[in-house]
Every structure is written in structure tokens, then in C-alpha cells.
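[1] Pasting a predicted model and its sequence here:
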Amino acid sequence: MIDLENGKITMEYGAGGRAMEELISLVFKPAFTNDFLNEGNDQAILPCLDEKGKIAFTTDSYVVTPLFFAGGNIGDLAINGTVNDLAVGGAVPLYISAGFIIEEGFPIQKMKKIVASMGEAAKKAGVKVVTGDTKVVEKGAASGLFINTAGVGFVPEGVALSGNKAEAGDVIILSGSIAEHGVAIMSARKNMEFETSIVSDTAPLNGLVQSMLAASPKGIKCMRDATRGGVAAVLNEIAKQSNVGMMIEESKIPVQKEVVAICDMFGFDPLNIACEGRLVAIVKKEVAGDVLNAMHSNPFGKGASIIGEVIKDSDNLVQMRTLIGGLRLVEWFYGEQLPRIC
Amino acid sequence: MTDAFKKVLDAIFSEASGRDFRFMEFCGGHTYALAKSGMASVLPDNIKMVHGPGCPVCVLPTAKVALGMQVLQHKDVILCAYGDVMRVPDGKGGSFAKMKAEGAYVRTVYSPLDALKIAKENQDKKVVFFAVGFETTAPLTAAVVMEAKRQKIKNFFVLNNHIVTEKAMRAVLAESELCGVIAPGHVAAITGFAFLEKVAADFKMPMVVTGFEPMDLLVAILMLVRQVNGGSYRLENEYKRVLKPEGNPVAMALLNKVFSARKDFNWRGLGTIPDSAFSFAEEYEDFDAKKVFSLCEKEGAEPKGCICPLVIKGEKEPTDCPLFARACVPENPVGACMVSSEGTCGAYYKYNRGKL
């Protein structure tokens, strides 16, 4: 019988026998329970979606280290990350798959905690974990636990967000203060431990996105969640895709003082640091006010603000007016900044 | 822009009019802060900031990187280096980062303390810390070496590239035509002001030691303009909230205990300068990787076409280099100035690229 308190994952938990069955029924099912999963088949058989809309499909693997950090753990990250990848495409996230690669010797209690967080995150986001897989690898072949999630969502008819739609004159909206996930992870890293009150911003953004789309179904050009590479990467991506430039204002970018101080200490620019619950939206100027109002009434968009605008620029540069009124580029990050941030 | 900032800027515009000013910020931290704030775009056109050699990896010749690679040829060695050092090119297309990817035992550390920890955890290996930096980082290396000696740790060594600010500053000032110098704040925090005062007097050079906020730099520039206009040349302290004239005697004592003056050191761009670096004091020679591994420094070739040596002296702009933003980019630096965002080319690439 599986020992949920003091047990360790051994190779047999991935071998397809009784141990694996116990792990599924005592750890995974209680957290994820839903009709599709409970069928217990090799696949989830899902109802057909409205044929007028479209299907969004995404996948992401989570290798964050450490597994637990201030504000979350790999479990809720794995749900929120995939939910957000669907949401920023204008999709309503519906179904998630979860694949676990577990290192031999991993404590079952930790596993249970992580899976429970996933269950809670799924509930909050309104998605169902409908199918999954477990593999156990020998000690040293993985570091603790890796999770892969894939997600399916429904894009209602008429919603067509894309990174190639930004035009000069559009405004750039950021949904909240930046770089908190990256800083929370840094502070939990063994070789850089420092004290901070900053917690990860990991959150599901599908509710926020839906309220934005409801406020202006046609005025939102595109959205991206600012994960690896931070807001800087998102802006550079969109600038390139749409063949435009961007001009942002440093004074308008919401960032906590403590985040700035920590980033300074390590020589990082908060604009390059990952968020896990923030999005950037490119919006027609005329509807920016309506979209912002809708965002402010959502818990994950309270700190939303207009940070700049799209400009004409064949070099596709992202520029920033600094606090002193100077101009500088906002570049992609290069090199190995913070590996395994998500 | 705050009112206070605007007031200083207005003063600069009115007091600096009528002539050209060439000021050098010596320290890479200042180069970075200037680029990051977009300072050049708010200053009047007649004030030109020239970027100095105060970025430790920029002044590291390829021959020093080659020494690290020699150490890695030895069996059971783990080489530990700061992140920026990992990417310094060896002039032949290699770097520690590339060796790491190919399986060499190379680790990135944030401090020599991390390297010491690795040594304690890997007693069957020889752990070599590749030390770089001016008087800012040297005391920490010294402290860690003393700690290693106290704990009788026998498998920890330092490949020492710690360098002396004063000598580099004198070498640059002897060759450059400048109106004033923004002196390095972090160095002065350790060394104190005495050497800067001497340099200012010897070269009749207005000098202001300052902090790293845009406002610090702006005020320092105004102070330099005023010195030039008033015909004076002395060291002034804009960074009073942090800097004391005597520096940090505790750190200096550590430094002087573990290290002594090195006969000469070959700087990238500046050539060989006598007494311009630190070597181990006799009592600590057992930690000297160069000695322990009998390393032999060979003349290294600088990459073809790279004008870093002229950039380091403030004679050329990064955008004057045919390689800049073409063959030489941060992802694949040809010259060392592109490696760190405190290096002139790295800061230019990241924050301006000659396009703004």
C-alpha cells in the first residue's frame, strides 16, 4: 500500500502495475477528478466544440528549479502556464493533459502537494485535467520532477488575435507589475539565496482575457503572456511579426521597488525577467479606455496600465523613454540568464 | 524627468555652452548606467562622454583566458568563473562557456565563496577560481583565500587576474585628450581618495567621483563642467552618501595581506603596465594556480579586425568597428568589450546600437 506520508517514488510506480494504479487513484484522481478522467481510458473522449469557432491547442514542459517557491510550485505553474498560452490567443481553455516524469526516490508527499496545487489551479482556471501519463526514471536521470501539460481551448467565432496585427498608433497595455516570478525563483535558488518579500505572480489569465474581449471584441489586436524573456521579448517579437516599432515609457511600467533593487544587484533588467501571470496587449487606441476599465475590475488586471504605443519603424526597434527623458533600446535578453525558470 | 534633474540639466546646458567637453567615465558600471538611462540623448551635443577601460573582462587579454584553458587540461580540475568571464573569447573562437558545453568541468559562480564551497564538496577535485576585477572584487577573493587557509583547504586555488585601477588610469590619461574624468565610485569606496587626488594633480585633470544613479552622473558632469570653466583640477566627491575619503581600510588590509604588487600585467588594449596587478604574497603562494599548475603565459592574438583596444582607451566608438553588431554580437562576442553589458560595446549594443 502506498505510504502517502513518508513514501518515495520507486521505479515500480512507473511500471504499469499495481503501484502505478495506486498512485493514480490516491494521488492524481482526487486532485483532478472529472467525468472524462474518471472514465479511466487511455484517452479522454471529449464532446465536439461549436463548429463555428476554432480549436486552440498548445503544450509546454515545466522544469522549474526549485520545485517550490514563494507564491507557487511547479504544479500550479504547469496549469497556469498552459492556460495562459491558450488564453492569450483569445481561446477559452477547456481541457488539459498532464505528463509527469518523476525521478526515482521523489517523496510521495511532495508529489501529492504538487498534484493538489495543480488540481486547485485547474479549478480556479475552470479547466479539466482529462488525461495524463506517469513515467519514473532512474535517480539522476531527472531532477525531482518534470511536468508536461498540453491544453485545448475554444476560440469563439470572430476572435482572431495575432502578433502580426500591430499598427502604428495602437497602444501597448501591460496587465500588472513585472518580473516577480523570476525574482521569486532567483531568491529560492540554492546558490543565490537572498531574503525578499516578492512572490511569484503565477496566475490564470483566461478570466482577464475574456473580460477584455468582452469589452472590445474587435479592438484588441494581439496578446502575449510575458514569460521567459519578459516583457522585452514579447514586445520585440510583436514588433518583428508586425514590422513595426514600439515606444514605451519607463515611468509607466509597473514594477515593485524591491524587484528593481534585486535586479540591479544581479545586473538584470526587470523587462527581461519572466512573469507567469502578466500579459501584454496591443489595442486600438479608441478602445484602450474600455479595455483598461475591464481589466481593472479583474483581480489579475488591477495593476494594468498603458505603457506605450506602436510606432512606424522598419528596423522594428523597441525603444524606451527613460525616467530621465533619455532614449534607449529594450533588447531581447541574450545568454544564459536564469535557466529553468518555468 | 524630475524637477531636480531638469534643474541640473538646465545648468549644464547654460554653463557648458560655447565649447566642447570630452569627459571619460572610467568605470564600466558608469558606462552601463549612462547607456541604460539614455543619458547621451539628453546631454547637450557639445558634451561627449568617452568610455574608459573599467570593465574587468574588457581588459582581459586572450592570453589570460588561455591560462584558464591550460588549467582545464589538468586532470580533476573544476574551473569556477563569474558569468561574464565565461563568455570572454580566447581569440580562436573558444571560451569557457563553449568548453563547458563540450563537457569541461567549468562552473559559473557569483562569488569566490561559491568556488570555495565547491572545493569543500569535491575534495577529490582541484577547484580553481578564475579571479578578475579591480580593487572592488580583489578584497573578497583575498578574504576567501584567507578563509581557505584558516580551514586548511588544500584543493582550492586562484588564477589571479586582479588589477590595479591607478595604473590603468594613468596609462589611459597619458594617451587621451580629455577635459575631465568621472572616477570610479565602487573602487574609491575601497581604496579611498588618495590615489585619485594624486592622479588629478599629476595630470591636471578635473575629476569627480560619483555614484551610479542617473542623477549622480548628471551632477558629476555639471561639477566637471564647472571645474573646467573655473580652471581647477581636483578630485571632488559627489557620492558623499556612500564614499568616505579613507575608503574601506578593512578591505584594503585584507587585500594587502594576501596580495602584493605584481611586476607587470598585460592589459588588453593598454599593453604591459608595470605594477598594475596583484600577485600572491609569499605567505599565500600555495593558492596561486599559476604556480601550482606551472602555467606558462604565451602571447595571445587579439581577434582580427576587432578594435576593442582602441575602444578601451576611448579613441574609437563601438560603431566605428566593422565587426560591431555584425560579426560581433553579445551572443557571439568577437571582442571582450561585447561580452558584458558594462563593456562599452555590450552597453552600446544593448541600449543604443548607434540607432537612437
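    Here it is on my side, so go on.

[2] can you map out the strands along chain A?
    For chain A, the strands defined by DSSP state E cover A:54-62, A:68-69, A:72-73, A:92-103, A:128-137, A:145-155, A:171-174, A:220-225, A:245-249, A:279-283, A:305-311, A:318-321, A:327-329.

[3] Any chance of those strands in JSON lines with mean pLDDT and distance to residue B:320 as columns?
    Every C-beta, even on glycine, is put in place using the N, C-alpha and C of the backbone. Output for the strands of chain A, formatted as JSON lines (pLDDT from 0 to 100; distance: least, Cβ to Cβ, whole Å):
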{"stretch": "strand A:54-62", "mean pLDDT": "96", "distance to residue B:320": "44"}
{"stretch": "strand A:68-69", "mean pLDDT": "94", "distance to residue B:320": "45"}
{"stretch": "strand A:72-73", "mean pLDDT": "96", "distance to residue B:320": "48"}
{"stretch": "strand A:92-103", "mean pLDDT": "97", "distance to residue B:320": "51"}
{"stretch": "strand A:128-137", "mean pLDDT": "95", "distance to residue B:320": "53"}
{"stretch": "strand A:145-155", "mean pLDDT": "97", "distance to residue B:320": "48"}
{"stretch": "strand A:171-174", "mean pLDDT": "98", "distance to residue B:320": "34"}
{"stretch": "strand A:220-225", "mean pLDDT": "96", "distance to residue B:320": "37"}
{"stretch": "strand A:245-249", "mean pLDDT": "98", "distance to residue B:320": "25"}
{"stretch": "strand A:279-283", "mean pLDDT": "98", "distance to residue B:320": "36"}
{"stretch": "strand A:305-311", "mean pLDDT": "98", "distance to residue B:320": "28"}
{"stretch": "strand A:318-321", "mean pLDDT": "97", "distance to residue B:320": "23"}
{"stretch": "strand A:327-329", "mean pLDDT": "95", "distance to residue B:320": "19"}
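
[4] and those strands, which is most packed in?
    When neighbours are counted by mean count of other Cβ atoms under 10 Å in any protein chain shown, the highest per-stretch mean among the strands of chain A falls to strand A:279-283, a mean of 27.

[5] can you pull out the strands in chain B?
    Counting by DSSP E, chain B has these strands, from start to end: B:21-27, B:47-54, B:77-81, B:106-108, B:126-133, B:156-162, B:180-183, B:207-209, B:235-237, B:259-261, B:264-267, B:271-274, B:278-280.

[6] Among the ones you listed, which comes closest to chain A?
    When the strands of chain B are ranked by distance to chain A, counting by Cβ to the nearest Cβ, first place goes to strand B:106-108 at 7.9 Å.

[7] So which residues on chain A come close to chain B?
    Proximity of chain A to chain B (Cβ under 8 Å from any Cβ of the partner chain) is limited to residues A:191-192, A:267, A:269, A:315, A:317, A:319-329, A:331, A:334-336.

[8] ok, now which ones touch residue 136?
    Since you didn't name a chain, this refers to chain A. By Cβ atoms under 8 Å, 6 or more residues apart in numbering or on different chains, the contact set of residue A:136 is A:9, A:10, A:11, A:12, A:13, A:14, A:15, A:102, A:103, A:104.

[9] look at chain B instead
    Under the contact definition (Cβ under 8 Å, 6+ apart), the residues listed for residue B:136 are B:186, B:187, B:189, B:190.

[10] now, which of the residues you listed sits nearest residue A:297?
    When the contacts of residue B:136 are ranked by distance to residue A:297 (Cβ to Cβ), residue B:186 comes first, at 46.8 Å.

[11] Can I have the buried ones of the contacts of residue A:136 as a ChimeraX selection?
    With 16 or more other Cβ atoms under 10 Å in any protein chain shown as the burial test, the buried ones among the contacts of residue A:136 are selected in ChimeraX as follows:
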select /A:9,13,14,102,103,104
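
[12] ok, which pair from the contacts of residue A:136 is furthest apart?
    Taking Cβ to Cβ, the two most distant members of the contacts of residue A:136 are A:15 and A:103; they sit 15.1 Å apart.

[13] returning to that earlier point: got JSON lines for the strands of chain A, with distance to residue B:354 too?
    Shown next, in JSON lines, are these (distance: least, Cβ to Cβ, whole Å):
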{"stretch": "strand A:54-62", "distance to residue B:354": "37"}
{"stretch": "strand A:68-69", "distance to residue B:354": "40"}
{"stretch": "strand A:72-73", "distance to residue B:354": "42"}
{"stretch": "strand A:92-103", "distance to residue B:354": "44"}
{"stretch": "strand A:128-137", "distance to residue B:354": "50"}
{"stretch": "strand A:145-155", "distance to residue B:354": "42"}
{"stretch": "strand A:171-174", "distance to residue B:354": "25"}
{"stretch": "strand A:220-225", "distance to residue B:354": "29"}
{"stretch": "strand A:245-249", "distance to residue B:354": "16"}
{"stretch": "strand A:279-283", "distance to residue B:354": "27"}
{"stretch": "strand A:305-311", "distance to residue B:354": "19"}
{"stretch": "strand A:318-321", "distance to residue B:354": "13"}
{"stretch": "strand A:327-329", "distance to residue B:354": "10"}
